[in-house]
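Participant: Let me see the structure of the following:
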Amino acid sequence: MRHHARCVIARFPFDLTKSGVLESMKGVKPEPVTGEFVIIGRRHSPVKPVGQAITRQDRRDFSAGEALRAMSRLGFTCRALPEVAPTRIETRCSKASTMLGTPLSRLTDGTGTSRTER
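Facilitator: Residues are numbered from 1 along each chain as shown. The predicted structure is shown next:
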(Lines give C-alpha, C1' and ligand atoms only; values in the text may rest on other atoms or scores of the structure.)
Protein backbone atom coordinates (compact mmCIF):
# COMPACT_ATOMS: atom_id res chain seq x y z
CA MET A 1 0.00 0.00 0.00
CA ARG A 2 1.46 3.34 -1.06
CA HIS A 3 1.05 6.54 0.88
CA HIS A 4 2.53 8.84 -1.77
CA ALA A 5 1.82 9.03 -5.50
CA ARG A 6 2.64 11.34 -8.37
CA CYS A 7 -0.45 11.53 -10.58
CA VAL A 8 -1.66 13.52 -13.55
CA ILE A 9 -5.21 14.80 -13.16
CA ALA A 10 -6.75 17.29 -15.59
CA ARG A 11 -3.37 17.43 -17.40
CA PHE A 12 -1.61 18.73 -14.25
CA PRO A 13 0.88 16.72 -12.17
CA PHE A 14 0.10 16.29 -8.47
CA ASP A 15 2.17 14.82 -5.66
CA LEU A 16 -0.56 13.32 -3.51
CA THR A 17 -0.30 11.70 -0.12
CA LYS A 18 -2.83 9.58 1.69
CA SER A 19 -2.63 11.88 4.72
CA GLY A 20 -3.11 14.91 2.43
CA VAL A 21 -6.28 13.39 0.99
CA LEU A 22 -7.58 12.62 4.47
CA GLU A 23 -6.85 16.21 5.53
CA SER A 24 -8.51 17.66 2.39
CA MET A 25 -11.65 15.63 3.01
CA LYS A 26 -12.05 16.62 6.69
CA GLY A 27 -15.27 18.52 7.14
CA VAL A 28 -16.40 17.88 3.54
CA LYS A 29 -19.90 16.44 3.54
CA PRO A 30 -20.04 13.57 1.03
CA GLU A 31 -22.50 13.88 -1.83
CA PRO A 32 -24.87 10.99 -2.57
CA VAL A 33 -23.10 8.13 -4.35
CA THR A 34 -24.48 7.48 -7.83
CA GLY A 35 -21.53 5.83 -9.57
CA GLU A 36 -17.85 5.34 -8.82
CA PHE A 37 -16.88 6.10 -5.23
CA VAL A 38 -13.92 6.10 -2.86
CA ILE A 39 -14.01 4.84 0.70
CA ILE A 40 -12.23 7.41 2.86
CA GLY A 41 -12.31 6.36 6.49
CA ARG A 42 -15.83 5.10 6.96
CA ARG A 43 -17.35 7.42 4.37
CA HIS A 44 -18.30 6.56 0.81
CA SER A 45 -17.66 9.62 -1.36
CA PRO A 46 -18.24 10.02 -5.10
CA VAL A 47 -14.87 10.12 -6.84
CA LYS A 48 -15.37 13.37 -8.78
CA PRO A 49 -15.98 15.58 -5.70
CA VAL A 50 -12.99 13.92 -3.99
CA GLY A 51 -10.83 14.72 -7.02
CA GLN A 52 -12.11 18.28 -6.97
CA ALA A 53 -11.31 18.66 -3.26
CA ILE A 54 -7.76 17.31 -3.50
CA THR A 55 -6.75 19.08 -6.74
CA ARG A 56 -8.86 22.25 -6.50
CA GLN A 57 -9.73 21.66 -10.17
CA ASP A 58 -13.23 21.85 -11.61
CA ARG A 59 -14.63 18.30 -11.69
CA ARG A 60 -15.59 18.77 -15.35
CA ASP A 61 -11.88 19.10 -16.22
CA PHE A 62 -10.91 15.53 -15.30
CA SER A 63 -12.36 12.07 -15.68
CA ALA A 64 -13.54 9.82 -12.89
CA GLY A 65 -10.93 7.33 -14.10
CA GLU A 66 -8.08 9.77 -13.43
CA ALA A 67 -9.25 10.32 -9.86
CA LEU A 68 -9.93 6.61 -9.31
CA ARG A 69 -6.40 5.69 -10.43
CA ALA A 70 -4.90 8.28 -8.08
CA MET A 71 -6.98 7.14 -5.11
CA SER A 72 -6.21 3.47 -5.82
CA ARG A 73 -2.48 4.19 -6.02
CA LEU A 74 -2.68 5.84 -2.60
CA GLY A 75 -4.30 2.72 -1.16
CA PHE A 76 -7.91 3.86 -0.92
CA THR A 77 -10.65 1.38 -1.76
CA CYS A 78 -12.50 2.40 -4.92
CA ARG A 79 -15.73 0.86 -6.13
CA ALA A 80 -18.62 1.40 -8.52
CA LEU A 81 -22.28 0.91 -7.73
CA PRO A 82 -23.55 -2.31 -9.29
CA GLU A 83 -25.67 -1.90 -12.37
CA VAL A 84 -29.33 -2.26 -11.53
CA ALA A 85 -31.21 -4.51 -13.90
CA PRO A 86 -34.26 -2.84 -15.42
CA THR A 87 -37.45 -3.77 -13.66
CA ARG A 88 -39.82 -5.80 -15.79
CA ILE A 89 -43.38 -4.59 -15.57
CA GLU A 90 -45.62 -7.58 -15.32
CA THR A 91 -49.04 -7.40 -16.95
CA ARG A 92 -51.96 -9.69 -16.19
CA CYS A 93 -51.33 -11.53 -19.44
CA SER A 94 -47.61 -12.04 -18.79
CA LYS A 95 -48.35 -13.16 -15.21
CA ALA A 96 -50.88 -15.71 -16.49
CA SER A 97 -48.38 -16.85 -19.10
CA THR A 98 -45.76 -17.41 -16.41
CA MET A 99 -48.22 -19.29 -14.21
CA LEU A 100 -49.26 -21.52 -17.11
CA GLY A 101 -45.65 -22.06 -18.21
CA THR A 102 -46.46 -20.83 -21.70
CA PRO A 103 -44.32 -18.14 -23.31
CA LEU A 104 -46.30 -14.93 -23.84
CA SER A 105 -45.61 -15.05 -27.58
CA ARG A 106 -47.49 -18.36 -27.80
CA LEU A 107 -50.74 -17.06 -26.28
CA THR A 108 -53.37 -16.36 -28.90
CA ASP A 109 -56.89 -14.98 -28.96
CA GLY A 110 -58.30 -18.07 -30.65
CA THR A 111 -57.86 -16.73 -34.19
CA GLY A 112 -54.24 -17.82 -34.38
CA THR A 113 -52.88 -14.35 -33.83
CA SER A 114 -50.97 -13.37 -30.73
CA ARG A 115 -52.87 -11.32 -28.19
CA THR A 116 -51.23 -8.71 -26.01
CA GLU A 117 -52.46 -6.83 -22.95
CA ARG A 118 -54.26 -3.57 -23.71
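
Participant: Mind checking the pLDDT average for stretch 56-72?
Facilitator: Stretch 56-72 shows a mean pLDDT of 93.

Participant: Then stretch 8-28?
Facilitator: For stretch 8-28, the mean per-residue pLDDT is 91.

Participant: Endpoints of that stretch, how far apart?
Facilitator: Its first and final residues considered, stretch 8-28 spans 23 Å by Cα to Cα, to the nearest Å.

Participant: in that stretch, what's buried?
Facilitator: Of the residues in stretch 8-28, those scored as buried under the neighbour-count criterion (16 or more other Cβ atoms under 10 Å) are I9, A10, F14, L16, K18, V21, S24, M25. C-beta here means a position set from N, CA and C on the backbone, and glycine is covered the same way.

Participant: Which stretches in the chain count as helices?
Facilitator: Per DSSP state H, the chain has helices spanning 18-25, 47-55, 64-73, 92-100. These are given in chain order.

Participant: tell me the most buried of those?
Facilitator: Between the helices of the chain, the one whose residues have the most neighbours on average, counting mean count of other Cβ atoms under 10 Å, is helix 47-55 (a mean of 22).

Participant: Tell me which two of the buried residues of stretch 8-28 sit farthest apart.
Facilitator: Set against one another by Cβ to Cβ, the buried residues of stretch 8-28 have their most distant pair in A10 and K18, with a gap of 20.3 Å.
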